[in-house]
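# I'd like to go over a predicted model; first the sequence, then the structure.
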Amino acid sequence: MTSAQLYYVIILLVYGGVDVIACLGLSQQFGVAGVTNFGFIIFQAAGAYTASVLSLPSQSANGRFQSYIGGWNLPWPVPWIGAAIVGGLIALPFTFLVGRRLRGDFAAVGLLITAVMANLLVTNYRPLLNGDAGLSLVPAPLQGEYDPTSQRYQWVYAAGAIMLAAGAFLLVRRLTESPYGRSLRAMRDNDLVADSLGKNLVSMRAAVLVLGGALAGLSGAILVGFINTWAPAAWGYAETIVLFAAVIIGGAGNHRGAVLGAILVPVAFEEITRFISGPPGVVDDLQWVAIGLLIVIFLWFRPQGVLPERRRATRAGGPPTGHIDIPNGDVVTLASAGPEPGRAAEERHATSAARAGGPLAARSVSHPAPPDENPVLRTVEVTREFGGVRAVAGVSIEVRRGTLTGLIGPNGAGKSTLLGLLAGTIPVTSGQVIYQGSDVTGVPAYRRARLGLVRTFQLASEFKRLTVMENLLSAVPANRGDSLAGALRGRRYWRGDEDAAIGRAGELLDRFGLSGYADTYAGDLSGGQRRLTEIMRALMAEPAVLLLDEPMAGVHPRLARQIGAQLLGLCAEGMTILMVEHELAIMDEFCDPVIVMAEGAVLATGTMAALRSRIEVVEAYLVG
Amino acid sequence: MSLFLASVGFGLVTAAVLAIAAVGFTMQFAVTDVLNLAYGAVMIGSAFVAYWLNQAGVNVWIGMLAAAAAGAAGSVLLNQGIYAPFQRRGSTGITMVIVSLGMTLIIEFGLQAIVGGTNVSYTMAQGPTVRAGGLILTTVQLVIIGLSVVVMVAVHGLLRHTKLGKAMRATAANRSLARNCGIRTNRIVTLTWILTGALCGIAGTVFAMNNGSFGATSADLFLVVILAAVFLGGPGQAYGAMAGAVIIGLATEVSAAYITPSYKDVVAFLVLLITMAVRPGGVLGATA
């Protein structure tokens, strides 16, 4: 090869390294955590500018032909480290956009516009970073000691870029394959549910923004150290779309896909146009058209990308750990298979036993959990208005410890809203929620979940692209690997917690007859299996008070009664359950006491026997 | 004083252009549920249709009607060919936004490959300058303001006093419920693409007139201003978008008079970000 050809190879390697690092950061945000950052290029630009002004001499020493802030003339690697830090830090303010309240697509538009505006500002305000002309003569790393134009230097540079890209790959993989990564993926699939299971959405989104920002900043530093110039034209908003195209084509959620995409799209694609002749502007234009086409065509024909996210199988059914909360006394099989000999009788036995405080409740004798008179959860005049409509109007209820309390009422009575107020997923308009003696009215949902106040949802709320096992594991509180720091410390640090959790989850799956589905995507389950998965997931969160929103809706009546029996067993062990349900028969059989709601208010509380006639009147009057 | 009034004059013209664009955008989003970022690209494409006719000797105001037709046709094609199939498949809002960004690249740079990178202008008479109460406006600017007022009144009449408008509001509120009530929602959605596409085409032409010169990517920044007006008024709220357009239009032009004009869009951007952070549902109430 001629030296020109060799130099070309070096350029490709450096660009490849730079694009791989950027795409990995974006893949972590978009593919894993579901944060669509259309302003990603800002962070690469910030890194490049930071590295420039840290390594450039002061502007007066530079002959004042360009103006910029800084100019600290610092030795390598300080500019690169600074670039990563600044890239990460300037991501922090954007947390308020993607944090909690704003729809994902609106936040994405906000970030896109931020990118357009940041470019406009830097272009127009020359004193900051030399405006439109940009910075040039940016020193190459260690250019005092070595000759940046020598081929040896350039090979080392390319090797360094590739090694850093490999390091970035190991970093994002370590995060993604940890319990923390699982929480990120859970947030991507359904953020409201992740919130209700104790995940701090704001902190997780801030973490991926900062991490992606730092990686983007580093990539910018590597790039500017090689090409020695940086200007607004290099980071138009559309450059972010190129990176998105790379991640989508490679496979969002799969970091190998991000690497492949980075090589296929920004590198290969942009290089190919060097070899196409045509009117100068037109080739560039058509290149952008092709990027747009690639995005639309891939999203249509292969939305999962060339290398789809892989299914993560666990070693299901690990060794029993003794953590299991459900007694194994009288086995209630919840498998939804067809009728088996003797099965019906067994069920009847199980149900009646549970009702009579039989085997399932038997254990409560040894560790007593009598329904104690102090309410574990109560509300004081809670009200919730939706645009003038009082969905819940001044409701005061008490839920006593160890009871399976029913909440019944016609459609629109405010049952689900009340549940949301209790769990914190809906803020109260006025009133108080008291949990275990303390006022939790202002405590956000994820922290109430960590305190043991856990809810399920009326509509299917499984994490679709997590397996059943992963759905269960995602709810485990206090896994050492379920934090950024814990995840970074590596598998050895959290393996113990993980194995224990897998053991517990395995036993729950056995109990509920879903062992065979441990490694199935939750999105592929039947309706009834999803309800079971959701209940199991809530149990994995080790709730003290479990709030169930129609757990038996759409479930076969026989299975529903088996679930009811299981719930009674849990109450006998000291758990408290508040359950919204429509079926009077279910209420009859399992719930005591029962709270009746209609039109946002509590009508009555008491045993089902006492209330039955009243409920029927209400239902007939309001629904009939 | 005169500087202030002059900037208010510019602000009113900008607000007039912006109102047409923002009302089209927000109605499109409300009824079709597509956050169509290619709206700016369709605007410029339509403006070029008027330009080509104008070059062939046609009066630019007649060209504007052709641009409205082109915007309507382009929007319907965009929906039928791209957005509707993705929606039928159940694509998420984020996927739709990414698709619309892809379409932005395809339309804008496809257009640029044809027309080249240099800016063009319409051939048109600006008419005599009119002075009224300290405001100094050209006839063209007055016509743009008048046109905008006519469009706003027409939109109001459509939404409040016609069966189509009622059906559009119902479809925006809850598409499946509207369908179950006997509204032919598919037809309503297509009609909405036609109507808002026509608004988009008119907006593109008056934007190009007001700008003086324009190129294939000129609407990129203006899209930011449109989004600011839309979000300020609450996404999907037609009246909110009108009010948002007046506020943003005046704010950008008045601030341009006192700080540097290069930064005037930054005001829109700041308003947008603050709105998104503080009142994601829009500042100007939530009534349609």
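All right, it came through fine.
# run through the residues of the stretch 151-300 of chain A sitting next to chain B.
A:237-238, A:241, A:244-245, A:248, A:281-282, A:285-289, A:291-296, A:299-300 (CB under 8 Å from any CB of the partner chain). Backbone N, C-alpha and C define where each C-beta goes, glycine included.
# filter these down to the buried ones.
Buried subset of those (neighbour count, 16 or more other CB atoms under 10 Å in any protein chain shown): A:237-238, A:241, A:244-245, A:248, A:282, A:285-289, A:291-296, A:299.
# what about A:C23, how many neighbours?
34 (other CB atoms under 10 Å in any protein chain shown).
# any idea how far it lies from chain B?
15 Å (CB to the nearest CB, to the nearest Å).
# so who does that residue touch?
The neighbourhood of A:C23, defined by CB atoms under 8 Å, 6 or more residues apart in numbering or on different chains, consists of A:243, A:246-247, A:250, A:258-259, A:261-262, A:266.
# after the helix or strand that contains it, next one along is what?
Secondary structure from DSSP states H and E places A:C23 in helix A:3-26. Scanning forward in sequence from helix A:3-26 by DSSP H and E, the next helix or strand is helix A:40-55.
# got the angle for that following helix vs helix A:3-26?
Relative orientation of helix A:40-55 and helix A:3-26, computed by axes from the mean of the first three to the mean of the last three CA atoms, to 10 degrees: 120 degrees.
# okay, now whichever residue of the stretch 51-200 of chain B sits closest to chain A: neighbour count?
Chain A sits closest to B:L105 of the stretch 51-200 of chain B, with a gap of 3.3 Å, by CB to the nearest CB. Around B:L105 there are 26 other residues, counting by other CB under 10 Å.
# list of residues touching stretch A:593-609?
In this structure, residues lying in contact with stretch A:593-609 by CB under 8 Å, 6+ apart are A:390-397, A:403, A:405-410, A:412-415, A:418, A:584, A:587-588, A:591-592, A:611, A:614-615, A:618, A:622.
# so how do I select the buried members of these in PyMOL?
Here is the PyMOL command that selects the buried residues among these (16+ other CB under 10 Å):
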select buried, chain A and resi 390+391+392+393+395+397+403+405+406+407+408+409+410+412+413+414+415+418+584+587+591+592+611+615+618
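# most centrally placed residue in chain A?
The residue lying closest to the centre of chain A (CA atoms, centre = their mean) is A:M187, at 1.9 Å.
# OK, contacts around it?
Counting by CB under 8 Å, 6+ apart, A:M187 makes contact with A:33-34, A:194, A:199, A:201, A:204-205.
# top of those residues by neighbour count?
Within these, A:A33 tops the neighbour count with 30 neighbours, counted by other CB under 10 Å.
# can you name the residues that contact B:M152?
By CB under 8 Å, 6+ apart, the residues touching B:M152 are B:19, B:23, B:242.
# try 10 Å this time
By CB atoms under 10 Å, 6 or more residues apart in numbering or on different chains, B:M152 lies in contact with B:16, B:19-20, B:23, B:238-239, B:241-242, B:245.
# now swap in A:L197 and tell me
A:L197 makes contacts with A:183, A:186-187, A:190, A:445-446, A:449-450, A:454-456, A:461, A:463, A:471, A:474-477, A:537-538, A:540-541, as judged by CB under 10 Å, 6+ apart.
# quick one, phi/psi of the closest residue to it other than its chain neighbours?
Distances taken as CB to CB, 6 or more residues apart in numbering or on different chains put A:A475 closest to A:L197, at 4.8 Å, once the chain neighbours are dropped. With angles defined as degrees, to the nearest 10, A:A475 sits at phi -90, psi -10.
# count of neighbours near A:A475?
Applying the criterion other CB under 10 Å, we find 29 residues in the vicinity of A:A475.
# from A:F463, how far off is it?
According to CB to CB, to the nearest Å, A:A475 and A:F463 sit 10 Å apart.
# who touches both of these two?
Each of A:183, A:186, A:193-194, A:197, A:537 lies in contact with both A:A475 and A:F463 under the rule CB under 10 Å, 6+ apart.
# output those residues in CSV, with secondary structure and pLDDT appended to each entry.
CSV is the format used below for the shared contacts of A:A475 and A:F463 (DSSP: H, G, I helix; E, B strand; the rest coil; pLDDT from 0 to 100):
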residue, secondary structure, pLDDT
A:S183, helix, 96
A:A186, helix, 95
A:V193, helix, 91
A:A194, helix, 92
A:L197, coil, 91
A:R537, helix, 94
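# can you tell me which of these is nearest A:R311?
A:A186 (15.1 Å; CB to CB).
# quick one: buried residues of stretch A:545-557?
A:545-553, A:555.
# which residues are in contact with the nearest residue to A:E270 once chain neighbours are set aside?
Spatially, and ignoring its direct neighbours in sequence, A:E270 is nearest to A:Q287 (7.1 Å; CB to CB, 6+ apart). For A:Q287, the contact set (CB under 10 Å, 6+ apart) comprises A:242, A:269-270, A:272-273, A:276, B:105, B:109, B:113.
# rerun at 8 Å
A:269-270, A:273, B:109.
# with just CA atoms, put the helix or strand it falls within into PDB.
The secondary structure element spanning A:Q287 is helix A:280-301 (assigned by DSSP H and E). Provided in PDB are the C-alpha atoms of helix A:280-301 (Å, rounded to 0.1, in the frame of the first residue of the first chain):
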ATOM      1  CA  PRO A 280     -20.400  18.300  -5.500                       C
ATOM      2  CA  GLY A 281     -23.500  19.400  -3.500                       C
ATOM      3  CA  VAL A 282     -25.800  16.800  -5.000                       C
ATOM      4  CA  VAL A 283     -23.800  13.800  -3.700                       C
ATOM      5  CA  ASP A 284     -23.900  15.200  -0.100                       C
ATOM      6  CA  ASP A 285     -27.700  15.900  -0.400                       C
ATOM      7  CA  LEU A 286     -28.400  12.400  -1.700                       C
ATOM      8  CA  GLN A 287     -26.300  11.000   1.200                       C
ATOM      9  CA  TRP A 288     -28.700  12.700   3.600                       C
ATOM     10  CA  VAL A 289     -31.700  11.400   1.600                       C
ATOM     11  CA  ALA A 290     -30.200   7.900   1.900                       C
ATOM     12  CA  ILE A 291     -29.800   8.200   5.700                       C
ATOM     13  CA  GLY A 292     -33.500   9.200   5.900                       C
ATOM     14  CA  LEU A 293     -34.500   6.300   3.700                       C
ATOM     15  CA  LEU A 294     -32.400   3.800   5.700                       C
ATOM     16  CA  ILE A 295     -34.100   4.900   8.900                       C
ATOM     17  CA  VAL A 296     -37.600   4.600   7.500                       C
ATOM     18  CA  ILE A 297     -37.000   1.400   5.700                       C
ATOM     19  CA  PHE A 298     -35.300  -0.300   8.600                       C
ATOM     20  CA  LEU A 299     -38.000   0.800  11.100                       C
ATOM     21  CA  TRP A 300     -40.600  -0.800   8.700                       C
ATOM     22  CA  PHE A 301     -38.900  -4.000   7.600                       C
END
